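S.K.: Provided below for reference: sequence and predicted model.
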Amino acid sequence: SRPQPRRRADFGAFVPVTTRWSDNDAYGHMNNAAYYTFFDTAVTTWLLQQGLPTTPGETLLFVAETGCRYLSEIGFPDQVTVGLAISRLGTSSIAYDIALFRNDEDVASAEGIFVHVHVSAATRRPTPLPDQLRTVLERIVR
C-alpha cells in the first residue's frame, strides 16, 4: 500500500537542474547522494530567484532534516526538473516537499523532504522567520 508517486500539478514552483556524467554510479544510474545535492540546489536556487538572501547575515537557514524515496531511475544525460511545495510553515521552520521529474515525465522519479530551520547567526538557536521570507514561502504552501 505504497503511496502513489506525486505529479507535477502537486507542486507550486519548479527549478531545472542539470545531471552530470559524474552523477552516475557503477550501476548506470544517478548515485543516491546526487539526489540530495539536487534538493539543496533547487531550494537555494528558488530562494535566490525570489530575491531572498542565502548568504550568511544576522540569520541563517540550516538544514535540519532531509529524506528521499526513490521511485524510478534517473541518470546522465536526463534533464531533471525539481518540483517544490511547502507542506509546513512553522514559526522558525520550513518543510519542503520535493520531487524530481525526469525529462518531460509527469510522474515523480523521486520524492523527498527537506527541512530548513531559521536560526540566529550569533546564537545558532531558532528564531522566527522574517515577514519578507514568510510572504514568499506562502506562495508555494500546499
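M.R.: Yep, it's here. Numbering: from 1, shown residues only.
S.K.: what's the residue sitting nearest the centre point of the chain in contact with, if anything?
M.R.: Geometric centre of the chain, nearest residue: Phe39, 3.8 Å, by C-alpha atoms, centre = their mean. By C-beta atoms under 8 Å, 6 or more residues apart in numbering, the residues touching Phe39 are Thr66, Cys68, Val82, Tyr96, Ile98, Gly112, Phe114. Every residue, glycine included, has its C-beta placed from N, CA and C.
S.K.: same thing but 7 Å
M.R.: Thr66, Ile98, Gly112, Phe114 (C-beta atoms under 7 Å, 6 or more residues apart in numbering).
S.K.: now swap in Ser87 and tell me
M.R.: Neighbouring residues of Ser87 by C-beta under 7 Å, 6+ apart: Ala95, Asp97, Arg142.
S.K.: let's see 10 Å
M.R.: With contact set as C-beta atoms under 10 Å, 6 or more residues apart in numbering, Ser87 has these partners: Ile94, Ala95, Tyr96, Asp97, Ile98, Ile113, Val115, Val141, Arg142.
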